[in-house]
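J.: quick one, structure for this:
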Amino acid sequence: MSADYDVFICHRGVDTKRNLVSVLSGMLRSRGITCLIDYKMNEGAEIMSAIVDAIKSPRVHIVIFSPNFETSKWCLNELAIIMDLQNSAGTSDRSRIVIPIFCNVERAEVLQRAKDSEYNLKTSSAEERQRWSEAIERLCGLASFDYDSKTMLQWEELSKVVTEAEIFLKEVSSRSILPHQGQEHQRRSTASDYDVFVCHLGRDTKLNVVSVLRGMLPSQDLTCFVHDEMEDEAEMKPHIVEAIRKSKAYVILLSPDFGTSKRCLEEVLQIMNRRSALGTSSIIPPVLPIFYDVAPAIVRDQRSEYDLRKVAGSTAEERGRWFEALEKLSFIKDFELHSRTMFQWEELERVVKEVRMSLEESTPRNPYAE
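T.: As a prediction, this is how the structure comes out:
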């Protein structure tokens, strides 16, 4: 751990390492910002001198204060070291910044617990608890970000954190940051063509996996269409039909409630029909199914959440069409993602690379190109 890093991310692994920390570190690396995340140290272990040195190296410390943060001596000790470094920054020639993120917690409640020294950790001393309380009080006094995983778009909120770290590093060091690549990922006019159409059910995936996916696609110079509504709609709107027609590839996120949505099922039908219609041409649009917290067999057999008889207001004829479309889709090469076990950035990076490769393979080569 002797290498220098730009950013140290202090976090409680059980809460955030597979989602928020995975995505944040990936976003930082994509900007050329190096960061240290300690995934391998045992929880509650004595902080070794090497780790202390590693905490001292970066100029930026991002502290993700999550629900279980205060239950970890390891996290609290790291935070105390970070805040001590911040206090000494005024007497040092090395400028530093601490960026707090209050993740699924209320800062006011965290501050009150710190003032009351409400830490019931085994084998902790009064001196330790006092040190942690002072560190948390100082942390709560800094400009911070709030993140609520149930209401906020993950990519958009973390982009603000990355920008703050980036601005600080530019100001205090001569090193350059990589230029932004395709950060505009909002839905474009239907007059435009799209590289990727993302089919998903908003209430299952919009705030996390889809937010991150549509942020990552532009890094590969891929434009995308993402339906922005959180609540489900009974039917497809004309602009969605047009976007499907004008897209070159399709990512379909089959999430737990996807099979209950008439609009989502109609989108799948449109996509699979378009793929079949172009089956005799030289260009077949790639379709990439992602089974997100759903087993492929559930979709293929159309049981449990994918029992089409449960779709409100559906007819037997509609269910028959959806059945065929889902069955065909379930046999296409896919990804299986499990939100509780996957490292979100790493898995979605694989998806984006697969989309890029599929598009390259489906694009006819110009024999006259050099």
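
J.: these two touch, right, Phe69 and Val14?
T.: No. Applying C-beta atoms under 8 Å as the test, Phe69 and Val14 come out as separate, 9.8 Å apart. For glycine as for every other residue, the C-beta is placed from the backbone atoms N, C-alpha and C.

J.: more crowded one of these two?
T.: Higher neighbour count among Phe69 and Val14: Phe69, with 23 against 14, using other C-beta atoms under 10 Å.

J.: how about the more buried one, what does it touch?
T.: For Phe69, the contacting residues are His11, Arg12, Asp15, Cys75, Leu76, Val105, by C-beta atoms under 8 Å, 6 or more residues apart in numbering.

J.: which ones among those are found in helices?
T.: Asp15, Cys75, Leu76 (DSSP state H).

J.: nearest to Glu349, of those?
T.: Asp15 (21.9 Å; C-beta to C-beta).

J.: show me what contacts that closest one?
T.: Per C-beta under 8 Å, 6+ apart, neighbours of Asp15: Ile64, Ser66, Pro67, Asn68, Phe69, Cys103, Asn104.

J.: could you rerun that using 7 Å?
T.: Ser66, Pro67, Asn68 (C-beta atoms under 7 Å, 6 or more residues apart in numbering).

J.: from those residues, pick the one nearest Val212.
T.: Scanning the contacts of Asp15 for proximity to Val212, where the rule is C-beta to C-beta, the winner is Ser66, at 18.0 Å.

J.: and Leu326, how many neighbours?
T.: Using other C-beta under 10 Å, the number of residues around Leu326 comes to 24.

J.: and the pLDDT for it?
T.: We have a pLDDT of 96 for Leu326.

J.: beyond the helix or strand in which it is found, next helix or strand please.
T.: Element membership of Leu326, judged by DSSP states H and E, is helix 316-330. With elements assigned by DSSP H and E, the helix or strand that comes after helix 316-330 is strand 335-337.

J.: next SSE downstream of that following strand?
T.: Counting by DSSP H and E, the next helix or strand C-terminal to strand 335-337 is helix 344-362.

J.: now do that next one: everything it contacts.
T.: The set of residues external to helix 344-362 that reach it, using C-beta under 7 Å, 6+ apart, is 18-19, 22-23, 25-26, 195-196, 209, 212-213, 216-217, 220, 222, 248-249, 251, 283-286, 288, 290, 335, 337.

J.: can I get the buried part of these as one ChimeraX selection?
T.: Remark: buried members of those, expressed as a ChimeraX selection using 16 or more other C-beta atoms under 10 Å:
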select :18,19,22,23,25,26,195,196,209,212,213,216,217,220,222,248,249,251,284,285,286,288,290,335,337
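
J.: mind putting the contacts of Asp15 into CSV with pLDDT and distance to Ser173?
T.: As requested, the contacts of Asp15 are exported to CSV (pLDDT from 0 to 100; distance: C-beta to C-beta, whole Å):
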residue, pLDDT, distance to Ser173
Ser66, 98, 29
Pro67, 97, 34
Asn68, 95, 34
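
J.: of those residues, closest to Ile167?
T.: Ser66 (24.8 Å).

J.: for the closest one, which non-adjacent residue is spatially closest?
T.: In this structure, Ser66 finds its nearest non-sequential neighbour in Asp15, 3.7 Å apart by C-beta to C-beta, 6 or more residues apart in numbering.

J.: give me the pLDDT value at that neighbour.
T.: For Asp15, pLDDT reads 97.

J.: distance of it from Thr71?
T.: As judged by C-beta to C-beta, to the nearest Å, Asp15 and Thr71 stand 10 Å apart.

J.: can you show me the strands along the chain?
T.: 7-10, 35-36, 60-65, 97-103, 145-147, 194-199, 224-226, 247-254, 287-292, 335-337 (DSSP state E).

J.: which helices and strands does the helix or strand of the chain with the lowest mean pLDDT pack with?
T.: None of the helices or strands of the chain scores lower by mean pLDDT, DSSP states H and E than helix 49-56, at a mean of 80. Helices and strands touching helix 49-56, by 3 or more C-beta pairs under 7 Å, 6 or more residues apart in numbering; DSSP states H and E, are helix 73-88.

J.: wait, Val105 sits on Phe65?
T.: Yes. Here Val105 reaches Phe65: they are 6.0 Å apart, a contact under C-beta atoms under 7 Å.

J.: neighbour count winner among the two?
T.: For Val105 versus Phe65, the count of surrounding residues by other C-beta under 10 Å is larger for Phe65: 26 against 20.

J.: return the residues in contact with that one.
T.: The contact partners of Phe65, by C-beta under 7 Å, 6+ apart, come to Pro100, Ile101, Phe102, Cys103, Val105, Val110.

J.: any idea how far it is from Arg113?
T.: For Phe65, the distance to Arg113 - C-beta to C-beta - is 11 Å.

J.: returning to what we had before: buried subset of the contacts of Asp15?
T.: Among the contacts of Asp15, those buried by neighbour count (16+ other C-beta under 10 Å) are Ser66.

J.: which residues sit in contact with Ser211?
T.: Leu153, Gln154, Trp155, Glu156.

J.: ok, the second one to Ile244 distance?
T.: As defined by C-beta to C-beta, Gln154 lies at a distance of 25 Å from Ile244.

J.: ok, now Met272?
T.: 11 Å.

J.: same question, Leu153
T.: To Ile244, Leu153 is 23 Å away according to C-beta to C-beta.

J.: and for the closest residue to Leu79 other than its chain neighbours, the neighbour number?
T.: Excluding its sequence neighbours, the residue lying closest to Leu79 (C-beta to C-beta, 6+ apart) is Ala135, at 5.0 Å. Applying other C-beta under 10 Å, we find 23 residues neighbouring Ala135.

J.: hmm, Ala80 and Val52 touching each other?
T.: No. When contacts are counted by C-beta under 7 Å, Val52 is not listed as touching Ala80 (11.0 Å).
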